[in-house]
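Engineer: The sequence and its predicted three-dimensional model are supplied below.
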Amino acid sequence: MSQQGVLGRFRRPRAPRVPYDGWRELVTPEGVDLKLKVGAYAERFSALLIDFAILFGGLALFSLAALGVFWATRATWSAEFLGVVWLLGVFVGRNFYFLIFEVGPRAATPGKRAMGLRVAAADGGRLTADMVFARNAMREVEVFLPLTFFAARGEGVDGALVSLGALWSLVFVVFPLFNRDRRRMGDLVAGTMVVKAPKKVLQPDLADTERTAARGFAFTHAQLDAYGIKELHVLEDVIRAGDRKSMAEVAARIRAKIGWEGPSDVADRTFLNAYYAALRGRLESRLLFGHRRKDKFDRS
Amino acid sequence: MAELHLKSWRFRAEREADWRRLETLLAKAEAGGAAKLKREELLEMPLLYRQALSSLSVARSISLDQSLVAYLESLCTRAYFIVYGARTRLPERIARFFIHDWPAAVRALWRETLVSFVLSAAAALVAFVLVQRDADWFHSFVEPGLASGRDPTATTASLRETLYHQGTAGEGLSFFATFLFTHNAQIALFAFALGFLLCLPTAALLVLNGGMFGAFLALFVSRNLGFEAGGWLMIHGATELYAIVLAGAAGFSIGWAVCFPGERSRVDAAAEAGRRAATAMAGVVVMLFVAGLLEGFGRQLIQVDLARYAIAGTTLAAWLAYFYWPRRTAAP
């Protein structure tokens, strides 16, 4: 890029920082931006907790089972065999639990799946096994190293060293707090990131005009121009949530705002549905002509 | 009555069946991998995916139903990851790893491997010379737990005993082998992970490891047991030390990429180095498994020094040939 020597590198103007809202663009080869949402800290932390609960719970059960078999048989061969199985089991569990789940087609551990997260390649390409291996091998310094330091005890100089080590290893723990895509160190080394990938259900269309039109609702253009797209979306949320009290409140607001003089004995839900359908029809037809009315203050 | 419907409503009604079809296919593929799909379903998937993508673009520009757009976004994202995700089956993947990926990754790390080897060897040499001058140095290099009685205060006879210790009739060997494997693999993974911190901790680990090796050797040489001790260490050490050197090299390559990213951004450089190093590391775990077997079984069962040396030489030659033997590059 800058070929003007060493100084050019320092002079390169920095792009102004846009406030980050947790969305990240992912343009498919077909040229459509899928708009991925980066996994939030709380979700990722809960996912980790769930995974650890499963992992350590599983390991504990496994150890108990091994002990149980040992007590039941008491043979020397079984002691050795069980020892081998136990050591290998713990090793595989600790190092490959995350790996095995993340190379699967869902690219998520049970914890991540429960929180609606998955691992994706940061450049939008395919997620390969070596990426997953790298991001999980780094867990060693990000989780187990700090745990060892915090579990360690020492006197005098040793104590000071242990606390210094704990501070130092804390850097890895808080690393995701200081970068744009909330990537931890393993993500950086592997070139991956954790994104939201919720499974959404297709909900019924609220704008079923055939039904509402039959009820005899008719709104004037002036009444429909009271609101914009933002309000339409809020209205959609309210209707879909289906909470009686908030629907009554919103219906009353809208009636007052648009000066509604039609029948007042209809249920709030029916009224809101009808208004939603009419408003969406109005805004969408204006959209087709190039007017995207952001919200009610937008007078374009 | 169709005139009364919104355009976006009709748009949805016409395409909904296809979206639902894609959804069922996705559920199937996500549950068991693409292998679960029939041939015609496999062919159908990319078509449905492109259709859903174009629906998404249209919906974004004509529909104000946010639940519809959100549904299509989630559907397209899921389909995108399946359609463009890796679809090689596990056996193929593993075969490819052993035939091509692993040796290629190791070869790409040759500079770091050399550095890591020189560091370990230098540390071993220093430790060797120091311990020969003054046996007390031994304690600075070797942890008492690992020495388990093999220190300068031990008698020559007991040291000789440790070299040919047979256990009681093969008992505990497999447990011992497994323990060594898991322990060493954990250390190697650690050396790799620490490489990210600008190489320094990895270098420290390598120096510690090399120092320990040198100190042990010096102790045995001082009792005229050098040749025997060499066989005892190298029968598995040829594999194990090589694996640790490679783990260090993998760590170095990441640290180096972070320090000196060159033309790329630091993050991209780290990611590229990290992926290559990870492949090498997966191989290192395999090597350590082999080393654990050799150490646990081979060393205890084979008591002749020359046989021990022969095995050491063979394994080392085999690894070197496997990694560095010139070969055609496989198609990507």
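Structural biologist: Sure, I can see it.
Engineer: how deep is residue A:125 tucked in, by neighbour count?
Structural biologist: Residue A:125: 12 surrounding residues under other C-beta atoms under 10 Å in any protein chain shown. Where C-beta positions appear, they are placed from N, C-alpha and C, glycine not excepted.
Engineer: now do the one 4 residues further on
Structural biologist: Other residues near residue A:129 number 21, with proximity taken as other C-beta under 10 Å.
Engineer: Correct me if wrong: it contacts residue A:103.
Structural biologist: Yes - Residue A:129 is within contact range of residue A:103, at 5.1 Å (criterion: C-beta atoms under 8 Å).
Engineer: Just the pLDDT for the residue of the stretch 151-300 of chain A found nearest chain B.
Structural biologist: Nearest to chain B in the stretch 151-300 of chain A, going by C-beta to the nearest C-beta, is residue A:191, at a distance of 3.0 Å. Residue A:191 carries a pLDDT value of 88.
Engineer: and the closest residue to it other than its chain neighbours, what element?
Structural biologist: If the residues on either side of it in the chain are set aside, residue A:191 comes closest to residue B:271, at 3.0 Å by C-beta to C-beta, 6 or more residues apart in numbering or on different chains. Using DSSP states H and E, residue B:271 sits within helix B:266-293.
Engineer: Would you mark the buried spots in the helix or strand following that helix?
Structural biologist: Note on helix B:266-293: by DSSP H and E, the next helix or strand toward the C-terminus is helix B:299-301. Buried residues in helix B:299-301, defined by neighbour count with 16 or more other C-beta atoms under 10 Å in any protein chain shown: B:299, B:300.
Engineer: what packs against the next helix or strand after helix B:299-301?
Structural biologist: For helix B:299-301, the following helix or strand on the C-terminal side (DSSP H and E) is helix B:305-324. Helices and strands touching helix B:305-324, by 3 or more C-beta pairs under 8 Å, 6 or more residues apart in numbering or on different chains; DSSP states H and E, are helix B:102-108, helix B:226-259.
Engineer: Show me what the shortest one is in contact with.
Structural biologist: Just to be clear, that refers to helix B:102-108. B:113, B:246, B:276-277, B:279-280, B:282-283, B:322-324, B:327, B:329 (C-beta atoms under 8 Å, 6 or more residues apart in numbering or on different chains).
Engineer: Which residues lie in contact with the residue in chain B that chain A sits nearest to in this structure?
Structural biologist: Among the residues of chain B, residue B:271 lies closest to chain A, at 3.0 Å counting by C-beta to the nearest C-beta. By C-beta under 8 Å, 6+ apart, residue B:271 lies in contact with A:122, A:188, A:189, A:190, A:191.
Engineer: Greatest separation within these: which pair is it?
Structural biologist: A:122 and A:189 (11.2 Å; C-beta to C-beta).
Engineer: Show the average pLDDT along the longest helix anywhere in chain A.
Structural biologist: As assigned by DSSP state H, the longest helix anywhere in chain A is helix A:41-73. Mean pLDDT, computed over helix A:41-73, is 89.
Engineer: Against residue B:255, how distant is residue B:199?
Structural biologist: Distance check for residue B:199 against residue B:255: by C-beta to C-beta, to the nearest Å, it reads 3 Å.
Engineer: So which bits of the stretch 201-332 of chain B are right by chain A?
Structural biologist: Neighbours of chain A within the stretch 201-332 of chain B, by C-beta under 8 Å from any C-beta of the partner chain: B:254, B:267-268, B:270-279, B:281-282.
Engineer: Wait, a helix at residue A:93?
Structural biologist: Yes - counting by DSSP: H, G, I helix; E, B strand; the rest coil, residue A:93 is part of a helix.
Engineer: Pull the contacting residues for it.
Structural biologist: Counted by C-beta under 8 Å, 6+ apart, residue A:93 has contacts A:55, A:58, A:59, A:62.
Engineer: how about residue A:269, what does it touch?
Structural biologist: Counting by C-beta under 8 Å, 6+ apart, residue A:269 has contacts A:239, A:242, A:247.
Engineer: just the residues you listed: which has the poorest pLDDT?
Structural biologist: For the contacts of residue A:269, the weakest pLDDT value sits at residue A:242, with 85.
Engineer: how about the nearest residue to that residue, chain neighbours excluded?
Structural biologist: Nearest one to residue A:242, counting by C-beta to C-beta, 6+ apart, is residue A:269 at 7.8 Å.
Engineer: Relative to residue B:81, how far out is the one you found?
Structural biologist: 38 Å.
Engineer: and if you look at residue A:46?
Structural biologist: 22 Å.
Engineer: more crowded one of those two?
Structural biologist: Taking other C-beta under 10 Å, residue A:46 and residue B:81 do not tie; residue B:81 has more neighbours (24 against 16).
Engineer: Pretty sure that one sits against residue A:120.
Structural biologist: Yes - if you go by C-beta under 8 Å, residue B:81 and residue A:120 touch, sitting 7.1 Å apart.
Engineer: Could you pull out the residues contacting both of these two?
Structural biologist: Common neighbours of residue B:81 and residue A:120, counting by C-beta under 8 Å, 6+ apart, are A:107, A:127, A:197.
Engineer: that older thread, who are the packing partners of the longest helix of chain A?
Structural biologist: helix A:76-102, helix A:110-114, strand A:117-121.
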